[in-house]
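3D, please:
(one chain, ligands or ions: 1)
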Amino acid sequence: MKELVSNPSPRPRPSDTPLPGERGRGEGLKFYSFPSLLQKTSWLSPAYVGVDDKGIIKYLSNEAPTEVVAVESVQGFALPGFQNAHSHAFQYAMAGLAENHAVGTQDDFWTWREAMYQCALSVNPDQAQAIAAMLYAEMVRHGYTHVAEFHYLHHDKDGKQYSNLAEMGTRLVAAAQTAGIKITLIPVFYQKGSFGQDPQPRQRRFISKTVDDYFKLLEKSKSAVQNNANASLGFSVHSLRAVELDDIKTTYQEGPNDLPFHLHVAEQKKK
Ligand SMILES: [Zn+2]
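As a prediction, this is how the structure comes out:
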């Protein structure tokens, strides 16, 4: 199954039509059979799937290939790989830390955010990479084949830039490679604490002061994904509260028009 789920978007084929020229030829392919396989418009039942050594589907039919020596029977349904459209990987390290509270203590979004800030301030690049690799491996295990990483943990624990401005993003791409998941790295422009408020000291790892600072980060992030067929880039502002409105407009208008743009549409007004 690993080969199959590593293919994020197999092109659906009509239920009775194998790929051209592939009918009956199983050379070099590994074959699986399923009771049913979900395609764009219908189920294929039964489904025979042949994948090459890169996990690319080369054969898909409701008829068994004629010259195959072995077909692994999978007693379950086959679905396309899922896409995780919004991840903050470092937060995997705080799973369980914001859910338990002493009796009588306050427990709301703000206590969660405080735990998140403490987590954000504590991880170094090696730890961030390890946390992300664990998280992405769990995603793969549960059927995800692509993650969009909404990434704002840019600087060191003191808020200083790493010598490679995109050090943390580079680590996330490496983690995705380790886990075997495709990644869209989305460096986030995070400028302010709230509407009309300067950033708080504990947000220091997130901050780009100006649009130009953010574009430098974005430019450097390109090298984190280049020459990697399983990694791509997006760009982003964190939210309406975390970037000045004029700078949001400038970022969107002057940013690359060939990359996806991402933001938190809804955000808290409170500081
Ligand atoms: Zn988010």
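
tell me the domain ranges of the chain?
2-73, 82-264 (automatic domain parsing).

I'd like those domains laid out as JSON lines, including mean neighbour count.
Every C-beta, even on glycine, is put in place using the N, C-alpha and C of the backbone. Below are the domains of the chain laid out as JSON lines (neighbours: other C-beta atoms under 10 Å):
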{"stretch": "domain 2-73", "mean neighbour count": "16"}
{"stretch": "domain 82-264", "mean neighbour count": "17"}
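
quick one: pLDDT of residue 1?
Model confidence at residue 1, expressed as pLDDT, equals 40.

ok, now residue 65?
Value for residue 65, per-residue pLDDT: 88.

now do the one 10 residues further on
Looking at residue 75, its pLDDT stands at 94.

residues contacting it?
By C-beta atoms under 8 Å, 6 or more residues apart in numbering, the residues touching residue 75 are residue 35.

Does it belong to a helix, a strand or coil?
coil (DSSP: H, G, I helix; E, B strand; the rest coil).

ok, of the domains of the chain, where does mean pLDDT dip lowest?
Of all the domains of the chain, domain 2-73 has the smallest average pLDDT, which comes to a mean of 74.

Now do the closest residue to residue 52 other than its chain neighbours against residue 47, distance only.
Leaving aside its chain neighbours, residue 52 sits nearest to residue 58 (5.4 Å; criterion: C-beta to C-beta, 6 or more residues apart in numbering). Separation of residue 58 from residue 47 (C-beta to C-beta, to the nearest Å): 14 Å.

Geometric centre of the protein: which residue is closest?
Per C-alpha atoms, centre = their mean, the C-alpha nearest to the average position across the chain is that of residue 147, at 1.8 Å.

Residue 185 is in contact with that one, correct?
No - if you go by C-beta atoms under 8 Å, residue 147 and residue 185 don't touch, sitting 9.5 Å apart.

The lengthiest helix in the chain packs against which elements?
For the chain, the longest helix by residue count, based on DSSP state H, is helix 125-141. Identification of packing neighbours for helix 125-141 by 3 or more C-beta pairs under 8 Å, 6 or more residues apart in numbering; DSSP states H and E yields strand 144-151, helix 167-179.

try it again with 7 Å
Judged by 3 or more C-beta pairs under 7 Å, 6 or more residues apart in numbering; DSSP states H and E, helix 125-141 is in contact with helix 167-179.

Kindly export the helix it packs on (C-alpha atoms) in PDB.
Only the C-alpha atoms of helix 167-179 are listed here, as PDB (Å, rounded to 0.1, in the frame of the first residue of the first chain):
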ATOM      1  CA  GLU A 167      16.600  27.700   8.200                       C
ATOM      2  CA  MET A 168      13.400  26.500   9.900                       C
ATOM      3  CA  GLY A 169      11.500  26.200   6.600                       C
ATOM      4  CA  THR A 170      14.400  24.100   5.200                       C
ATOM      5  CA  ARG A 171      14.000  21.800   8.200                       C
ATOM      6  CA  LEU A 172      10.300  21.300   7.500                       C
ATOM      7  CA  VAL A 173      11.000  20.400   3.900                       C
ATOM      8  CA  ALA A 174      13.600  17.900   5.100                       C
ATOM      9  CA  ALA A 175      11.100  16.500   7.600                       C
ATOM     10  CA  ALA A 176       8.600  16.000   4.800                       C
ATOM     11  CA  GLN A 177      11.200  14.200   2.800                       C
ATOM     12  CA  THR A 178      12.000  11.900   5.700                       C
ATOM     13  CA  ALA A 179       8.300  11.100   6.100                       C
END
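
Return the set of residues that bridge with the closest residue to residue 143 other than its chain neighbours.
Distances taken as C-beta to C-beta, 6+ apart place residue 82 nearest to residue 143, at 5.2 Å, with adjacent residues excluded. Listed by DSSP bridges, the beta-bridge partners for residue 82 are residue 144.

Fine by me, thanks again.
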